[in-house]
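Colleague: what's the 3D shape of this:
(one chain, ligands or ions: 1)
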Amino acid sequence: MNRSPAAPSPVRRAVVANLGCKVNQSEMEAVERLLRARGVELVDAYAAADLVVVNTCTVTSIADQKSRQVVRRARRMNPDAQILVTGCSVAIDPESLAVADPMARLYDNDSKGRMMAELAGLLALADGGPMPTLSGVESAGGRTGGRAVEPAVEPSLGRAVELEADEGSVEDDFADRTDSDRTRAFVKIQDGCSFHCTYCIIPRARGSARSVPADEVVAEVRRATAAGHREAVLTGINAGTYDDAGLPLAGLVARILAETPVERIRLSSIEPQHVTGELLDVWAGSGGRCLPHFHIPLQSGDDTILRRMGRHYDTAFYAELVGRVRRAIPGAAVHADVIVGFPGEDEASWERTATLLRELDLAGIHVFRYSARPGTPAARMVGQVDVRTRKRRSAEALALAAEARARFAERHLGRELRVLFERPLPDGRRLGHAESHVLVTVAPSDGGPLTRAIGVVRAESIDPTAPDRIVGRLLSISLPKEPLAESALK
Ligand code: SF4
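Modeller: Next comes the predicted model:
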C-alpha cells in the first residue's frame with residue numbers, strides 16, 4: 001500500500017525524470033510547464049527536490065529495470081520527497097515499482113490526466129498549505145481498467161519492442177534527448193497502437209490507437225512557437241495512424257503549415273505503410289519547413305522474419321518506399337530500426353538483413369538486440385536465438401550503422417546547411433542538427449550564444465573525433481525572434 005511521506009512540505013524544487021520515447025518526452029514537457037508556471041524550480045539533484053516525477057518505460061526489460069532504479073535512487077537520495085511515477089512500466093508491472101518504493105504514487109497511462117490534476121492541486125499548496133491526498137496505485141493488474149494497451153515502442157519511439165537497445169544504436173532517440181530537447185518542441189499527436197507486432201509489449205501499456213484532435217495539435221505548435229521553439233517534432237506511438245475525424249497525418253501537417261509560423265517540422269517515426277503519396281506531397285511542397293528526414297522502422301531484411309514479427313510489409317515494399325521517398329525529396333535522410341536475433345533468424349536470414357541494410361544506403365540504423373519480453377507472442381516462439389549469436393549480429397549491425405552514418409555525413413561536405421543550434425560542447429564548439437538531422441559543429445562564436453539560432457553553415461570537413469559529425473563554418477545566422485522564456489527552457 002502507498003503511504004505519504006511523514007511531513008509534506010511545500011514544493012519549491014522538482015526533478016522530472018523521463019525514460020523512453022519521445023511520446024513520454026512530450027508528456028513530461030507538459031509536466032515541466034505546469035511546474036514552471038507555478039514557480040517551481042526544476043533541478044537535477046534528487047536530494048534538492050521536494051517533488052520527483054518519473055515517467056517510466058517498459059519497451060525492454062532493461063528499460064523496466066532502469067525505471068525501477070530511478071525510483072529507488074530518488075527515494076534513497078530524498079526520503080521525504082513526494083515521488084510520482086507514471087508511464088508504461090506502471091501499466092505493465094506496478095507491483096515491482098511498488099516494491100521499489102512503497103511510498104511512491106503510481107499512475108498508469110490512463111491515469112496521467114488524473115496525475116496532472118492532482119499535481120496541480122499539490123502545487124497550489126506550494127505556499128505551505130495542507131497537502132492534498134494523492135491516490136495510490138492506479139492499476140493492480142498491469143492494465144488500466146483491464147483494457148488492452150499499446151506497446152511501447154521505441155522511441156522514435158513510437159515503435160515498440162521488447163528488445164535491448166544496443167549501446168550507441170539509438171543515439172537520436174535516447175541520447176540526444178538533452179539540451180536539444182529544449183530547443184525542439186516534442187508535440188504529441190497520437191497515442192497507443194492497434195497493431196500486434198509479436199515482439200512488442202507497448203499496445204498493452206498504451207492501449208489502442210487514438211489521435212489528438214487537430215485543433216489541439218495546432219494550438220500546441222502555436223504555443224511552442226510562441227515560447228521560442230523553432231522546430232516541432234511530431235510524435236506518436238504509431239503516428240502514421242493519425243486520423244482526426246477523417247483528417248489523416250498529411251492533412252494535419254498541412255494544417256500546421258498553414259496555421260502556425262513554425263519554421264521546421266520533423267516526424268519522430270512512421271511505419272512504412274503509412275508513408276503515403278499524399279504525405280510526401282505535403283512534405284515536398286512545404287518550402288523546406290518539413291525537414292528531409294524520415295525514421296522508418298525496417299526491423300528485418302528477411303520476409304519470413306517480418307511475417308513472424310507481425311509486420312505489415314515485406315522487404316520489396318520497404319526498398320521501393322525508400323526509393324519513393326528519395327524521388328519525392330532528393331537527399332532525404334532515411335533512418336531505419338533493425339531487430340537482430342529475432343526467433344527463427346538463422347544465418348541466411350541475418351545475411352539477407354545485412355545485405356539489405358547495405359543496399360538501402362541509409363542515413364542511420366538503430367540496432368535492437370532481441371530479448372524475449374514476457375507477455376509477447378515472440379517470447380513463446382520456437383527458434384530462439386542464443387545470446388552469443390545475438391551479440392555477434394548486433395555488433396555486425398552496429399558496424400553497418402556506423403558506416404552508414406559516416407557515409408551519409410560525408411555527403412554533406414561542400415554544401416550549405418541550415419543548422420538549428422542546441423548547445424555548446426565541452427570544448428566550446430557549438431553543436432546542432434542540420435535539416436537532415438546530421439550533427440554539425442562550428443567554432444565557438446565570439447561570445448554570442450547560438451542556442452536556438454538557425455545558422456547557415458558551410459560543411460567543410462568531418463570531425464576527427466566523430467566520423468558522423470560535420471565541422472562547418474558559420475556563414476550567417478538567424479537569431480530567435482523572441483527569447484525563449486526562462487520558464488519554457490528549464
Ligand atoms: S507498430 Fe508494432 S512495434 Fe510499433 S507500437 Fe505498434 S505493435 Fe509495437
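
Colleague: just the helices in the stretch 51-200 of the chain please.
Modeller: Secondary structure of the stretch 51-200 of the chain (DSSP state H, counting those that start in this stretch): helices at 61-77, 88-92, 94-100, 112-124, 180-183.

Colleague: Hmm, residue 430 and residue 450 touching each other?
Modeller: Yes: using C-beta atoms under 8 Å, residue 450 is in contact with residue 430, at 4.6 Å. For glycine as for every other residue, the C-beta is placed from the backbone atoms N, C-alpha and C.

Colleague: and the ligand, which of the helices of the stretch 51-200 of the chain is closest to it?
Modeller: Nearest to the ligand, of all these, is helix 88-92, at 10.7 Å by C-beta to the nearest ligand atom.

Colleague: rewinding a little: what is in contact with residue 450 and residue 430 at once?
Modeller: Shared contacts of residue 450 and residue 430 (C-beta atoms under 8 Å, 6 or more residues apart in numbering): 421, 424, 442.

Colleague: Relative to the ligand, which of these is nearest.
Modeller: residue 421 (32.0 Å).

Colleague: Name the residues that touch the helix or strand containing that closest one?
Modeller: If you go by DSSP states H and E, residue 421 is part of strand 416-424. Strand 416-424 is contacted by residues 178-180, 183-184, 230-231, 264, 288, 430-436, 438, 440, 442, 444, 450-459, 470, 472, 475 when judged by C-beta under 8 Å, 6+ apart.

Colleague: try 7 Å this time
Modeller: Defining contact as C-beta atoms under 7 Å, 6 or more residues apart in numbering, one finds that strand 416-424 is touched by 179-180, 183, 230-231, 264, 430-435, 440, 450-459, 472, 475.

Colleague: Show me the one in the shared contacts of residue 450 and residue 430 that has more neighbours than the rest.
Modeller: residue 421 (26 neighbours; other C-beta atoms under 10 Å).

Colleague: who's that residue bridged to?
Modeller: residue 432 (DSSP bridges).

Colleague: ok, residue 318 to residue 303 distance?
Modeller: Taking C-beta to C-beta, to the nearest Å as the criterion, residue 318 is separated from residue 303 by 10 Å.

Colleague: cool, and residue 376?
Modeller: Computed as C-beta to C-beta, the residue 376 to residue 303 distance reads 21 Å.

Colleague: between these two, which one's more packed in?
Modeller: When residue 376 is set against residue 303 and neighbours are counted by other C-beta under 10 Å, the residue ahead is residue 376, at 23 against 16.

Colleague: Now for the more buried one: which residues touch it?
Modeller: Contacts of residue 376 by C-beta under 7 Å, 6+ apart are 162, 198-201.

Colleague: Most widely separated two among those residues?
Modeller: Of all pairs drawn from these, the greatest distance, 10.6 Å, lies between 198 and 201 (C-beta to C-beta).

Colleague: between the two, who's got more neighbours?
Modeller: Neighbour comparison, residue 198 and residue 201: the larger count goes to residue 201, with 30 against 19 (by other C-beta under 10 Å).

Colleague: just checking, the more buried one touches residue 373?
Modeller: Yes: between residue 201 and residue 373 a contact is recorded at 5.2 Å, counting by C-beta atoms under 7 Å.
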